[in-house]
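A.B. asks: build me a model:
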Amino acid sequence: MALALLWAASSTSILAQDAASNPAVNGIEFLNWHNEDPSADGKLGTSTEKAYEELLKGRKAHPVVVAVIDSGTDIFHEDLKDNIWVNEDEVPGNGIDDDKNGYIDDVHGWSFLGNTEGENINAANMEVTRIYVKYQKEFEGKEAADIPSNQKDLYDFWLTCKEEMESQQKAAKEEMQQIAEFSQVLATVHYIITQELGTEEYGIEEIKAIESDSEPVTMSRDLMIQLHEDDFKPEDIIEWQKQVDTKIRYRYNPEYRVRELIIGDDPDDTSDRNYGCNDVKGPRSDHGTHVAGIIGAVRGNGIGMDGVANNVKIMAVRAVPDGDELDKDVANAIRYAVENGAQIINMSFGKSISPQEEAVEDAIRFAESKGVLLVHGAGNDAENNDKNANHPSPYFESGGKANNWIEVGAIQQEKGDEMMATFTNYGRKKVDIFAPGVDIFSLEPENTYKNNSGTSMASPVVAGVAAILLSYFPDLSASEVRDLILSSAIKPKIKVIVPGTANDAGKSKRKCFKKMSSTGGVISTYAAVKKALDKGL
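C.D. replies: Predicted structure coming up:
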């Protein structure tokens, strides 16, 4: 907070100049790149606009319901409210379960993270913390020799979770100290610059023009220039502090017990389905609103941006806190969406440990039996999903795989060896396709807008394309939509930098892009629609 107060005057001028020269800041350049055509616009977009203009013009579009299981969605956003799903069988605000689906007043969806008193879960433990707490009384203070043979595997797993939790706690506290030190440095730099220039009203050009024999002045000048080149903003350090604070206070804090206070359920009882409330926005709707906007922001209304799909209704299902989502909530969210008419479900979340995986698998099978397509972000750990667990997953513990699932990695806009997002997970077996996921301009709560990056953004691009296909070709099954998207993927024949493989010398591994996913391709709305038309659909 100190940085925001002490450096605000200088940063305002710097950011104003940066916005004019860096289109990623104000959204001009990246406003719609994920929908643009690679050949016409030079960006690795989906050719969605081209598909509408050349292939779908004059054709009838049927409404498609897409459920967004996420952190919450601002259903009253100016660029989304006209495309929000309405449960016509429910009378708003009467306190009665009119449609007898087990959820009272679920007019636009449901939240599994709140109660009827208006209390909501914002942050939650990570799974390693929950597992530590669950078995703490049983295993704390015991040695391996004290553990019965039938519990040794569980004990070893508990130890692994404990070590991870404690390691993360320690690292977060050290990082918080680094933030404090960095803030102090920046406050000092700001003071030195203002003393040198004699004013707090300065921008990057004034900083660059500083000439001095004083080492503190030149070091301060050079640091400010470097921060400018790195697109550093005052709010970045505040956001950094918030993220680290969340780790300390919630994610890796075994004393944090918000679930039992707000929901009051047994988190391990996956048969329990009737809990929560109809507050689908909740206290943390930025992520879910951004995701929903990518899929279904109203097209052609001259407001904000255009979603991928033009005849879509967004069903908001809140199940993802800041921390690890509960398997129970995920399973129930999937079932709620399927039972209430969703044809596509977007899931821009994930974790590495799934204690109640069977319940989620049962929900996935249920969705498959009802012909509902599930689209999931591959994760942002720069890891190979073929080697590292990423849940939820279409691969069942008992064997087999769901055929109604698309796993999505992220690319950035420029074709070349840096095409893959630096953060994206990949996998020749367990990631299906790549989609735009860097600097995606979409909605934020309270009628605002922002660029965000992540496989969380790539997944709703694919969900939006799937919605287009179902809208214009309503007789397609979920597996047929999946096959159209995957079989029509554009396959660049290039080598790319493999995310997360940089060594100490800064060199990274390069592999053929075709080895990064099962299709070796990037989604194309145009190609998928054309293939559907060629099939006579």
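
A.B. asks: in stretch 424-438, what's buried?
C.D. replies: Judged by neighbour count (16 or more other CB atoms under 10 Å), stretch 424-438 contains these buried residues: 424-428, 430-438. C-beta: built from backbone N, CA, C; applies to glycine.

A.B. asks: any regions of this structure where pLDDT drops low?
C.D. replies: Within the chain, the segments meeting pLDDT under 70 span 1-30.

A.B. asks: so what's the gap between stretch 112-119 and the chain middle?
C.D. replies: With CA atoms, centre = their mean, to the nearest Å as the basis, stretch 112-119 stands 23 Å off its chain's centre.

A.B. asks: quick one: contacts of it?
C.D. replies: Contact with stretch 112-119 is made by 104, 120-121, 261-264, 275-277, 279, 282, 317-319, 321, 329, 332-333, as judged by CB atoms under 8 Å, 6 or more residues apart in numbering.

A.B. asks: weed out the non-buried ones from these.
C.D. replies: Neighbour counting over the contacts of stretch 112-119 (16+ other CB under 10 Å) leaves 104, 120-121, 262-263, 275-277, 279, 282, 317-319, 321, 329, 332-333 as the buried ones.

A.B. asks: which of the residues you listed fall in strands?
C.D. replies: In strands, judged by DSSP state E, the following of the buried ones among the contacts of stretch 112-119 are found: 317-318.

A.B. asks: could you list which of the buried ones among the contacts of stretch 112-119 belong to helices?
C.D. replies: With helices taken from DSSP state H, the overlap with the buried ones among the contacts of stretch 112-119 comprises 262, 329, 332-333.

A.B. asks: and of the buried residues of stretch 424-438, the nearest to Cys161?
C.D. replies: Cys161 lies nearest to Asn425 out of the buried residues of stretch 424-438, by CB to CB, at 21.7 Å.

A.B. asks: assess the claim that the closest one and Thr455 are in contact.
C.D. replies: Yes. Taking contacts as CB atoms under 8 Å, Asn425 lies within contact range of Thr455: 6.8 Å.

A.B. asks: joint contacts of these two?
C.D. replies: When contacts are counted by CB under 8 Å, 6+ apart, Asn425 and Thr455 have 378-380, 409 as shared neighbours.

A.B. asks: I'd like those residues laid out as CSV, including distance to Lys173.
C.D. replies: What follows is the shared contacts of Asn425 and Thr455, written out as CSV (distance: CB to CB, whole Å):
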residue, distance to Lys173
Ala378, 31
Gly379, 26
Asn380, 24
Gly409, 33
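
A.B. asks: now do the helices in the stretch 151-300 of the chain.
C.D. replies: For the stretch 151-300 of the chain, applying DSSP state H, counting those that start in this stretch gives helices covering 152-197, 204-208, 215-229, 234-246, 258-262, 286-296.

A.B. asks: format those as JSON lines; extra columns: distance to Arg130.
C.D. replies: Converted to JSON lines, the helices of the stretch 151-300 of the chain look like this (distance: least, CB to CB, whole Å):
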{"stretch": "helix 152-197", "distance to Arg130": "9"}
{"stretch": "helix 204-208", "distance to Arg130": "46"}
{"stretch": "helix 215-229", "distance to Arg130": "38"}
{"stretch": "helix 234-246", "distance to Arg130": "16"}
{"stretch": "helix 258-262", "distance to Arg130": "9"}
{"stretch": "helix 286-296", "distance to Arg130": "21"}
